[in-house]
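Student: Attaching a predicted model along with its sequence, questions to come.
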Amino acid sequence: MKLLITGSKGQLGNELLTILKNGCAEIGPISDAYKDAEVIGVDVDELDITDTAAVQAFVENERPDVILNCAAMTNVDGCETMFDVAMKVNAIGPRNLAAAATAVGAKLIHVSTDYVFAGNGTTPYCEWEPCAPNTVYGKSKRLGEEYVLMQCARSFVVRTAWLYGYVGNNFVKTMLRLGAERDRLTVVADQRGNPTSANDLAYHMLKLALTDEYGVYHCTNEGECSWCDFARRIMEKSGRACEVAPCTSAEYPSKTPRPAYSSLNNLMLACTVGNEMRPWEDALDMYLKNLEGMNQ
């Protein structure tokens, strides 16, 4: 088996590479089918997924069995001012990979986001619910989903949210840094979603890749919380003495509107390969312990 991982230097790409190397994720071991797999990890320096000809040539030359697309422009505010870049990376790139995958008979697993929904729900979104993105980021990611599903019959679109991993920057690392510097923080309490371990997401992507259960999936850690709840758990479990006080989104305005409610329901996982995503608290607690060990 040959796997091609795009965006391999990012949070999720790094987790995929690590799990494949070790044969095990935090949830447990992965299938023996990956034991002798050839893994090719590329980032923008090695392969610009927005370059149609380059993608076609690279995939044709390597002929992977599975392509796992972790490349994306995730800077939500940046997408609002750089429409063309957002559309190229989040829509044209996935389209190029889908076409190339189809040409060589490869499966494609494409990672998407909770931002494809309006973000004004009251119960966790299921996969079948209508998308209504209201940001350039969400719109570009939704178009990428549509291109993948249209152009590659052997595709999986996997939506996730509030992702954190061991490399790069994320909310958890930011809170840890600020918690060590300050006695008190204010964090928005009126936006709710699902904190998600990149390690858990990678594990489920590899489960899906061994099947023919193509389609749209939600994959977030179980349970929901506000950003304030998330921050408080980070401080508590890391031993930070920093108080976390709630505030409203209006008190902490951003250039781009964030979803007020964008929790996802992992229904299709449960109906197909099985939903082993951990409760968000358990995944976060293990992450903090492991991160502390890495920093010692």
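Tutor: Sure, I can see it. Predicted model only: the values in this text are computed from it and were never measured. Numbering: from 1, shown residues only.
Student: how about R278, what does it touch?
Tutor: E26, I27, S197, D200, N221, E222 (C-beta atoms under 8 Å, 6 or more residues apart in numbering). C-beta here means a position set from N, CA and C on the backbone, and glycine is covered the same way.
Student: all strands for the stretch 51-200 of the chain, in order.
Tutor: Applying DSSP state E, counting those that start in this stretch to the stretch 51-200 of the chain gives strands spanning 66-69, 107-113, 155-160, 163-164, 184-188, 192-193, 196-197.
Student: Not counting stretch 83-95 itself, show me its contacts.
Tutor: The contact list for stretch 83-95 (C-beta under 8 Å, 6+ apart) reads 49-50, 52, 55, 69, 71-73, 78-79, 110, 136-137, 140-141, 143-145, 147-148, 151.
Student: cutoff 7 Å now
Tutor: Outside stretch 83-95, the residues within contact range by C-beta atoms under 7 Å, 6 or more residues apart in numbering are 49-50, 69, 71-73, 79, 110, 136-137, 140-141, 143-144, 147-148, 151.
Student: which residues sit in contact with the residue lying farthest from the centre of the chain?
Tutor: Most distant from the centre of the chain: D183, at 31.1 Å, with distances by C-alpha atoms, centre = their mean. Residues counted as contacts of D183 (C-beta under 7 Å, 6+ apart) are C242, E243.
Student: how near is it to L176?
Tutor: Separation of D183 from L176 (C-beta to C-beta, to the nearest Å): 15 Å.
Student: The nearest residue to E292 once chain neighbours are set aside: neighbouring residues, count only.
Tutor: Leaving out its chain neighbours, the residue that sits closest to E292 by C-beta to C-beta, 6 or more residues apart in numbering is S238, at 7.4 Å. By other C-beta atoms under 10 Å, 19 other residues sit near S238.
Student: For L284, see how far away S238 is.
Tutor: Relative to L284, S238 is positioned 10 Å away (C-beta to C-beta).
Student: Give me the residue at the spatial middle of the protein.
Tutor: T160 (4.9 Å).
Student: I'd assumed T220 was in contact with that one.
Tutor: Yes - the criterion here is C-beta atoms under 7 Å, and T160 meets it with T220 at 5.6 Å.
Student: The chain: helices as residue ranges?
Tutor: Secondary structure of the chain (DSSP state H): helices located at 11-22, 52-62, 76-81, 83-87, 93-104, 136-151, 171-181, 198-209, 227-238, 267-271, 280-295.
Student: re earlier: dump the contacts of R278 to CSV, plus distance to D43.
Tutor: Listed next are those as CSV, based on distance: C-beta to C-beta, whole Å:
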residue, distance to D43
E26, 24
I27, 26
S197, 21
D200, 22
N221, 26
E222, 31
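Student: between those residues, which has the most around it?
Tutor: Result: S197 is most packed of the contacts of R278 (other C-beta under 10 Å), 30 neighbours.
Student: bridging residues for that one?
Tutor: Going by DSSP bridges, S197 is paired in beta bridges with Y164.
Student: Can you point out the buried residues in stretch 105-118?
Tutor: Within stretch 105-118, the residues that count as buried by 16 or more other C-beta atoms under 10 Å are 106-118.
Student: buried sites along stretch 139-149?
Tutor: Buried residues in stretch 139-149, counted by 16+ other C-beta under 10 Å: K139, S140, K141, R142, L143, G144, E145, Y147, V148, L149.
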